[in-house]
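**Q** This is a predicted model, with the sequence first.
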Amino acid sequence: MTGWDRCFTVGLGASCHRNNSGLFATHYARAFDGHHLLWELKTPDHGINRAELLYQLLSMPGNYGDIPELLIDLMEI
């Protein structure tokens with residue numbers, strides 16, 4: 001495109017293995033404000049990060065689904 005500059009921000013957070021690419025892509029899509037990451041993934045053990053993301057999605061306003069028992073146990077809520 002003529003007249004359009006493209007700026008791709010790289011190196012904001014940790015790199016990941018391809019098995020975790022969906023988790024990282026979702027995290028960066030939610031946590032990036034255009035200049036900075038608003039929060040980091042909590043731990044290198046991504047099981048808890050996946051569970052927290054799922055919890056956040058399930059508990060969004062307007063979602064009337066029940067949180068699965070396994071997730072409640074894992075999140076200790």
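**A** Nice, I can see it. Numbering: from 1, shown residues only.

**Q** In this structure, where is pLDDT below threshold?
**A** Filtered on pLDDT under 70, the chain yields the residue ranges 1, 8-14, 77.

**Q** quick one: contacts of the biggest helix by length in the chain?
**A** With DSSP state H setting the assignment, residue counts place helix 46-58 as the longest helix in the chain. Defining contact as C-beta atoms under 8 Å, 6 or more residues apart in numbering, one finds that helix 46-58 is touched by 20, 23, 26-27, 41-43, 63, 65, 67, 71, 74-75, 77. The C-beta positions use only the backbone N, C-alpha and C, and glycine is treated the same way.

**Q** Output it as CSV, nothing but the C-alphas.
**A** C-alpha atoms of helix 46-58 as CSV (Å, rounded to 0.1, in the frame of the first residue of the first chain):
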residue,chain,number,x,y,z
HIS,A,46,1.1,-22.6,30.8
GLY,A,47,-1.6,-24.9,32.2
ILE,A,48,-2.6,-22.3,34.7
ASN,A,49,-2.5,-19.6,32.0
ARG,A,50,-4.8,-21.6,29.8
ALA,A,51,-7.2,-22.2,32.8
GLU,A,52,-7.2,-18.5,33.7
LEU,A,53,-7.9,-17.5,30.1
LEU,A,54,-10.7,-20.0,29.9
TYR,A,55,-12.1,-18.8,33.2
GLN,A,56,-12.0,-15.1,31.9
LEU,A,57,-13.8,-16.1,28.8
LEU,A,58,-16.5,-18.1,30.6
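
**Q** Helices of the protein, residue ranges please.
**A** So, for the chain - with DSSP H - the helices run 21-31, 46-58, 69-75.

**Q** Quick one: these as JSON lines, columns for distance to residue 15 and mean neighbour count too.
**A** Shown next, in JSON lines, are the helices of the chain (distance: least, C-beta to C-beta, whole Å; neighbours: other C-beta atoms under 10 Å):
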{"stretch": "helix 21-31", "distance to residue 15": "8", "mean neighbour count": "14"}
{"stretch": "helix 46-58", "distance to residue 15": "13", "mean neighbour count": "15"}
{"stretch": "helix 69-75", "distance to residue 15": "25", "mean neighbour count": "12"}
